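1. what shape does this take:
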Amino acid sequence: MNPSRRQLIGALLATSALAAGTPGRASKRKPPNIVLIVLDDTGYSDFGCFGSEIKTPNIDALAADGQRFNHFESKAICTATRAALLTGRNNHSLGLADLPSGKFQPPGTGKDAGDLAPNVQLLPEALRARGYATLAIGKWHLATEFQDGGPGNNASWPRQRGFDYYYGFVSGWADQLRPDLVENNAKIGKPSAPDYHFSVDITDRAIAKLAESKAAAPDKPRFLYLAYGATHAPIQVPKPYIDAYAGQYEKGWDAIRADRFARQKAMAIVPPGTVLPPPNAGDDAWAPLDPVKKRVYARFMEAYAGFLTHTDEQIGRLIAALKASGDYENTLFVLLSDNGASAEHGQTGSIGQLYPPVHLDAAELATHMQDIGTAQIGMQRPWGMASNTPFRRYKSWPNAGGVRTPLIVAWPGYLPNKGAIRRQRIDAVDIAPTLVELAGARFDAVVDGKAMIPVAGASFRTALFSASAPDPRPVQFFELRGNRAVRAGKWRAVAIHKLGTPFEQDHWALFDTDADFAEAEDLSGRNPNKVSELKAIWQREARRYGALPLSEGPDYVRKLDRYRDAFLGD
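-> Just a heads-up that it's a prediction; the model follows:
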């Protein structure tokens, strides 16, 4: 049976099974509207429903009306995750082993092309072929910096990859108060309103465009891809949101991490026997810091918390609009973060310049306290450790702190077991196949006579209806800048590459993720045969999906040497 026919039969069977699981609704069920919300650099424990003290009532309410997946894995960095998320393919197969090509990363070939492959059908294309209206609003970050949106130079922009409408910024990050905006294929410049904020703007735009689409074609299902800039640096939000957290972070990152871990265990996001790994090597402990550092660094975290609460408020406005329009119950929501919280701005954090960061001592930072909220700031690295509780490390690392993020799936009128925690192992490549299946659509093996890159992910639809459903796939590999990981069943092996050394010398740590949810204990010394087995699986999968030969990433990443502290005794 050819792939497209097999996928079509699978979609039809899924639709039948879904109808059978919702008695009395089968004859009435229409394809769901789909809202895919992506946050940026938000850590595993940052939502209230994943253990945080940060107020996220709207996200928490969505989780209560749906399900939380506690073992979702990203690709540890923005572009790679978004590519997998919107295609169902591993990012190496798409030419996006790292960030899109630009002034710091010249175009390459194969996995290092730095541009989205032309021979892949994206999720919006698959949905649009089955009758969906498709909207992309927010951050894109899947096009090279050399594309300007003009005719013949926009092949990887949203309108050319399946979206009927686009509004947002196409780069990796933007000033939240003065972003360089794009509508469809046209650059429209920076906003001038004195009270402008990107999160508010894109939420307004999403609400308006959904209403406009419904008015034009009431029976047409709609797919909204809504990608916030939050909580990626710069951390910018109106001061009342920051002031709402005044004093809450004076206890510091070590105490916040411990508090979050306790809440995670109490709410069963982590299993009862989970052990919290020690603080990351190279991170400062809070207690010995001088009072000036504590005051400044606590204010940074107040800003981060306010930024997330502000974002939650925007998500709440979108949900309220869907309820008012009568569309809420038949809207399938997926909400996640594209990778773990960031360590990109070092121990001191940064203000005024982000990439590369400008590291100021605490006394200098203290002179800029009044600018927090409007200036471009990046967080102190140990706050990233707290955000990623209970895991090790941060964004761009192969450890769980880099890849594991919160995932919420809700379909209020149809999914059972509201508020449940699902423990299946899901990867970013599995999102698009699941959405396609639930929409009664399919990915085509051939489009316009051109063979498409095969889908690598698998639907986890059964997990939405059964806590005992198996993982959608037994194996998933990971690679970024020479850092590697692979999961086979309950086992996960991780290799952090020391820059400038042979890859063959990298140590592979081994974790039993059933017994050790937080990956706290390296079992490689006790089980070398299992390590060898997983290394062979990694090699097989890397070859299959085009992740070889290994490299350390572009020159500018080597200069940052951001993985150095892994070799300080961790």
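2. next one: phi and psi at residue 212?
-> Torsion angles at residue 212 (phi, psi; degrees, to the nearest 10) stand at phi -60, psi -40.
3. for it, grab the count of nearby residues.
-> Using other CB atoms under 10 Å, residue 212 has 12 neighbouring residues. In short, each C-beta sits where N, CA and C put it, glycine included.
4. from residue 103, how far off is the residue nearest in space to the middle of the chain?
-> Centre of the chain computed as the mean C-alpha position; nearest residue by CA atoms, centre = their mean is residue 338, 1.2 Å away. Distance of residue 338 to residue 103, given as CB to CB, to the nearest Å: 22 Å.
5. need the CA coordinates for the helix or strand containing residue 401. CSV is fine.
-> Assessed by DSSP states H and E, residue 401 sits inside helix 400-403. In CSV, the C-alpha atoms belonging to helix 400-403 read as follows (Å, rounded to 0.1, in the frame of the first residue of the first chain):
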residue,chain,number,x,y,z
ALA,A,400,16.3,17.4,29.7
GLY,A,401,16.5,21.1,30.8
GLY,A,402,17.1,21.9,27.1
VAL,A,403,14.7,19.6,25.4
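6. show me what the helix or strand following that helix is packed against.
-> Downstream of helix 400-403, the next assigned helix or strand under DSSP H and E is strand 404-410. Under the contact definition 3 or more CB pairs under 8 Å, 6 or more residues apart in numbering; DSSP states H and E, strand 404-410 sits against helix 57-64, strand 67-73, strand 331-337.
7. would JSON lines of the ones you listed with mean pLDDT and mean neighbour count be doable?
-> JSON lines is the format used below for the helices and strands packed on strand 404-410 (pLDDT from 0 to 100; neighbours: other CB atoms under 10 Å):
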{"stretch": "helix 57-64", "mean pLDDT": "98", "mean neighbour count": "20"}
{"stretch": "strand 67-73", "mean pLDDT": "98", "mean neighbour count": "23"}
{"stretch": "strand 331-337", "mean pLDDT": "98", "mean neighbour count": "24"}
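8. as CSV, the ones you listed with distance to residue 489 would be great.
-> What follows is the helices and strands packed on strand 404-410, written out as CSV (distance: least, CB to CB, whole Å):
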stretch, distance to residue 489
helix 57-64, 27
strand 67-73, 12
strand 331-337, 23
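9. show me where the stretch 351-500 of the chain has helices.
-> 362-366, 381-387, 400-403, 431-438, 461-465 (DSSP state H, counting those that start in this stretch).
10. nearest to residue 473, out of the ones you listed?
-> helix 431-438 (10.1 Å; CB to CB).
11. surely residue 34 meets residue 331?
-> Yes: between residue 34 and residue 331 there is a contact at 7.3 Å, judged by CB atoms under 8 Å.
12. before we move on, the earlier item: who touches the helix holding residue 401?
-> Applying CB atoms under 8 Å, 6 or more residues apart in numbering, the external contacts of helix 400-403 come out as 43-44, 73-76, 339-341, 384-385, 388, 391-397, 478, 485, 518-519.
13. same thing but at 7 Å, please
-> 73-74, 76, 339-340, 388, 391-396, 478, 519 (CB atoms under 7 Å, 6 or more residues apart in numbering).
14. what's the answer for stretch 334-343, then?
-> Residues outside stretch 334-343 that contact it (CB under 7 Å, 6+ apart): 36-44, 59, 62, 72, 74, 76-78, 81-82, 233, 379, 381, 384, 387-388, 394-395, 401-409, 431.
15. what is the burial count for the residue nearest to residue 230 when sequence neighbours are not counted?
-> Of all residues not flanking residue 230 in the chain, residue 311 sits nearest, at 4.2 Å (CB to CB, 6 or more residues apart in numbering). For residue 311, the count of nearby residues is 26 (other CB under 10 Å).
16. same check on residue 548?
-> Residue 548 has 14 nearby residues by other CB under 10 Å.
17. please name the residues that touch it.
-> residue 542 are the contacts of residue 548 under CB under 7 Å, 6+ apart.
18. any idea how far residue 251 is from it?
-> 46 Å.
19. and the residue nearest to the residue nearest to the centre of the chain when sequence neighbours are not counted, backbone torsions?
-> Closest residue to residue 338 apart from its sequence neighbours, by CB to CB, 6+ apart: residue 81 at 4.3 Å. The phi/psi pair for residue 81 (degrees, to the nearest 10) reads phi -70, psi -50.
20. quick one: contacts for residue 81?
-> The contact partners of residue 81, by CB under 7 Å, 6+ apart, come to 74-75, 338-339, 428.
21. quick one: average confidence on stretch 364-371?
-> Average pLDDT, stretch 364-371: 88.
22. got a list of contacts for that stretch?
-> The set of residues external to stretch 364-371 that reach it, using CB under 7 Å, 6+ apart, is 292, 296, 299, 351, 375.
23. circling back to that earlier point, could you dump the helices of the stretch 351-500 of the chain into JSON lines with mean neighbour count and distance to residue 210 added?
-> What follows is the helices of the stretch 351-500 of the chain, written out as JSON lines (neighbours: other CB atoms under 10 Å; distance: least, CB to CB, whole Å):
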{"stretch": "helix 362-366", "mean neighbour count": "16", "distance to residue 210": "42"}
{"stretch": "helix 381-387", "mean neighbour count": "27", "distance to residue 210": "31"}
{"stretch": "helix 400-403", "mean neighbour count": "30", "distance to residue 210": "32"}
{"stretch": "helix 431-438", "mean neighbour count": "25", "distance to residue 210": "17"}
{"stretch": "helix 461-465", "mean neighbour count": "20", "distance to residue 210": "23"}
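24. and the host helix or strand of residue 215, how far from the chain's centre?
-> Secondary structure from DSSP H and E places residue 215 in helix 198-216. Here helix 198-216 is found 22 Å from its chain centre; the criterion is CA atoms, centre = their mean, to the nearest Å.
25. packing partners for it?
-> Packing partners of helix 198-216 (3 or more CB pairs under 7 Å, 6 or more residues apart in numbering; DSSP states H and E): strand 133-139, strand 165-169, strand 222-227, helix 291-324.
26. could you dump those into JSON lines and include distance to residue 156 and mean pLDDT?
-> Shown next, in JSON lines, are these (distance: least, CB to CB, whole Å; pLDDT from 0 to 100):
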{"stretch": "strand 133-139", "distance to residue 156": "12", "mean pLDDT": "98"}
{"stretch": "strand 165-169", "distance to residue 156": "12", "mean pLDDT": "98"}
{"stretch": "strand 222-227", "distance to residue 156": "15", "mean pLDDT": "98"}
{"stretch": "helix 291-324", "distance to residue 156": "26", "mean pLDDT": "97"}
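27. distance to residue 507 added to the ones you listed, as CSV?
-> Below are the helices and strands packed on helix 198-216 laid out as CSV (distance: least, CB to CB, whole Å):
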stretch, distance to residue 507
strand 133-139, 35
strand 165-169, 39
strand 222-227, 36
helix 291-324, 32
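28. and these: which comes nearest residue 244?
-> helix 291-324 (6.2 Å).
29. what distance separates that closest one from the centre of its chain?
-> Helix 291-324 sits 17 Å away from the centroid of its parent chain (CA atoms, centre = their mean).
30. now swap in stretch 78-97 and tell me
-> Centroid separation between stretch 78-97 and its chain, computed with CA atoms, centre = their mean, is 12 Å.
31. rewinding a little: can you say which of the helices and strands packed on strand 404-410 is nearest to residue 157?
-> The nearest among the helices and strands packed on strand 404-410, by CB to CB, is strand 331-337 at 22.8 Å.
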